[in-house]
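Novice: sharing a model prediction with you, sequence too.
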Amino acid sequence: MAQTSTYTERLAGLPKPDRQLLKSMAAVALLALLIGILAGVATALVRGGMLNVGMATGYRFLTVHGVGIFFYWLFVTQTALLLGLAACEHGTGLAWRRLAWIAFALMLAGLGLSMVGSVAGTPLLYNGSPELVRDNPGDLLLFNLGYSFLGLGLMVLPASAIVTLLRPRWQGQQAKLSAVGFALFTWAGFLVVTGFAALYTFVPGVLWALGAGPFPDSHGTRWHIVFHNMHYLPLMATVILWYVLMQVLTGVKSVFGERFSKIVFSMYLVFVPPTSLYHMFLEPDLPKVVQVVGSMLSLFVSVPTLTAFLIIVASLEVHARAHGGRGLFGWIKLLPWRHPAMSAVGVAVLSMALGLVFAFVLIQGQLAPLLSDTFFVPGYFHFFTLGTVSMTLLAALSVVLPAIGGRALWRPDLLRWMPWLALLGLLVFGAAGITAGYLGVPRRVMDVSYQQQAPALWQTLMVFVAMGGSLMAAALLAFAAGVAASLLPKRQRGASVGSLGVTWGGTVVQVGTKAWVGPVSILVIVVAMYVFSAVGFELMQALPVSASGGGGH
């Protein structure tokens, strides 16, 4: 199929077995999202004192929430979109399709085992610490087997995408990878590394539970490694999807050229791996020099994401101004906001800015021991997991699923408001959670009243966490359900993206066209980082008791 065709045309033209695989993976990913959201709402209601259950049940809710969202929703969706976009690069279909199906079957089996392991026996939280079941290793077996199957699937499945991307070069049909193709290749490589890290972390627990290996004393350090990969890989995927979605929705490509885009995507290989040190700031025996180096390295972790953000925003702004946009922000109204995907990306960008501000606060060596075991962590982290990554993944599915299934996106006029409603709930949840963290509210305690000995404000903040969490969950469920409707049997041809968007790709950009919003946004983020860091130092020092613990994130 000609490279001049659109992404939606290439998706619709994929072989039927490829489209069936992508639909199956999307269905499982959305199921994991549903399970994770429901468990998350239950957890928030327990924390807010609105749902009275036993302590173990509350921790099971929290375990299912973390496992369903952080591991299976984020990574099954990523692999599905990776395969779909790789197949679209040349429109010739997937290579090694059978291997991809086997890898998907492993991930599906992992989901089942992880869910059973999460609700049976001791609740392990999503990091599956073996310390919690030292006297009962059988409670760890199914849980770790699930993660191990997921890790194996993550190692195997990207091979299909990699061969699909490289096959045209091997056949002499392509001289070099496109910017998107290079980004997909990098993404696939990181998925393989993450899968290996998962096996490295959780297989020792399986062997111990089976009596075939020693107790995994180094689980904490191994967890830091896999968590770091699973933390930042979705952000890389998010940036790649923004890059593609802006082409789909507006026809705009980078004004900086493909070579510069490849350099930016390569930055993830340079800046992300060394920054895992900051996850170890809670280790009591961590040398001071490592804390200092970790803090310095952590300053660079956002470099590739912010650079890619600048490329995308500047490219959109230049083309919009050439199309008639005026004023500092007037060009933004020319974007295709009628499409739910554009609304979701808009929310994702705002959420990323807020997440980066508070992530900067947390990665500082002096603040991390004070904040990492408080509700500050879930308060800020949901700006990434829900507001940025999940919204972007749903935005991508809202384009991909109608194209491969041929069924129109359900009520786009309604769905486009759901990301903004979710953002409203997220702002309430995040503001209450971050404030609670600054005031010392612990993050892994279901009842923060401590038999009425804790400050009354703690419980009040948890009520707002429950209210905000319920609102953002309801909006996210509605958005996901509307997207999932495209998986139903076809009744009409899928809605054309162009009918809801704009096309600026052919617009001639005048030399000297300025783009200010991206740099101004970065300046605002940097200023906010320093302001909230100062606030953090002042508030945490004012607490009567400060404590640090182990276990990281």
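Specialist: Looks like it came in fine.

Novice: measure residue 15 to residue 415 for me?
Specialist: Per Cβ to Cβ, to the nearest Å, residue 15 is found 29 Å from residue 415. (C-beta placed from N, C-alpha, C; glycine too.)

Novice: what about those two, which has more around it?
Specialist: For residue 15 and residue 415, the more surrounded residue by other Cβ atoms under 10 Å is residue 415, and the numbers stand at 24 against 14.

Novice: wait, that one sits on residue 482?
Specialist: Yes: at 4.4 Å, residue 415 and residue 482 qualify as touching, with contact defined as Cβ atoms under 8 Å.

Novice: shared neighbours, these two?
Specialist: Residues touching both residue 415 and residue 482 (Cβ atoms under 8 Å, 6 or more residues apart in numbering): 340, 398, 409.

Novice: for the last one, what are its contacts?
Specialist: When the contact criterion is Cβ under 8 Å, 6+ apart, the partners of residue 409 are 340, 398, 401-402, 415, 482-483, 485-486, 494-495.

Novice: the residue nearest the centre of the chain and residue 476: what is the separation?
Specialist: With distances taken as Cα atoms, centre = their mean, the residue of the chain nearest its centroid is residue 389 (3.5 Å). The gap separating residue 389 from residue 476 is 12 Å, by Cβ to Cβ.

Novice: which strand or helix spans the nearest residue to residue 78 once chain neighbours are set aside?
Specialist: What sits nearest to residue 78 in space, not counting adjacent residues and going by Cβ to Cβ, 6 or more residues apart in numbering, is residue 237, at 5.0 Å. Element membership of residue 237, judged by DSSP states H and E, is helix 219-250.

Novice: list the buried ones in that helix?
Specialist: Going by neighbour count (16 or more other Cβ atoms under 10 Å), the buried part of helix 219-250 is 219-220, 222-250.

Novice: next one: stretch 135-147
Specialist: For stretch 135-147, burial by neighbour count (16+ other Cβ under 10 Å) applies to 137, 139-147.

Novice: between those, which is closest to residue 109?
Specialist: When the buried residues of stretch 135-147 are ranked by distance to residue 109 (Cβ to Cβ), residue 146 comes first, at 7.9 Å.

Novice: my guess is residue 117 meets residue 142, correct?
Specialist: Yes: between residue 117 and residue 142 there is a contact at 3.6 Å, judged by Cβ under 8 Å.

Novice: only C-alpha atoms, please: export stretch 132-141 in CSV.
Specialist: Extracted in CSV, the C-alpha atoms of stretch 132-141 (Å, rounded to 0.1, in the frame of the first residue of the first chain):
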residue,chain,number,x,y,z
LEU,A,132,4.9,-10.1,53.3
VAL,A,133,4.7,-13.9,52.8
ARG,A,134,8.0,-15.1,54.2
ASP,A,135,6.1,-17.6,56.3
ASN,A,136,3.7,-18.6,53.6
PRO,A,137,5.5,-18.7,50.2
GLY,A,138,2.5,-20.3,48.5
ASP,A,139,0.7,-17.0,48.5
LEU,A,140,3.4,-15.6,46.2
LEU,A,141,3.3,-18.3,43.5
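
Novice: other residues contacting that stretch?
Specialist: Identification of contacts with stretch 132-141 by Cβ under 8 Å, 6+ apart yields 117, 120-122, 124-125, 128, 130, 205-206, 208-211, 215.

Novice: buried ones only from those residues, please, as a PyMOL command.
Specialist: The PyMOL selection below is limited to those of the contacts of stretch 132-141 classed as buried (16+ other Cβ under 10 Å):
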select buried, resi 117+121+122+124+125+128+130+205+206+208+209
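
Novice: farthest pair in the contacts of stretch 132-141?
Specialist: The most widely separated members of the contacts of stretch 132-141 are 125 and 211, with 24.1 Å between them, by Cβ to Cβ.
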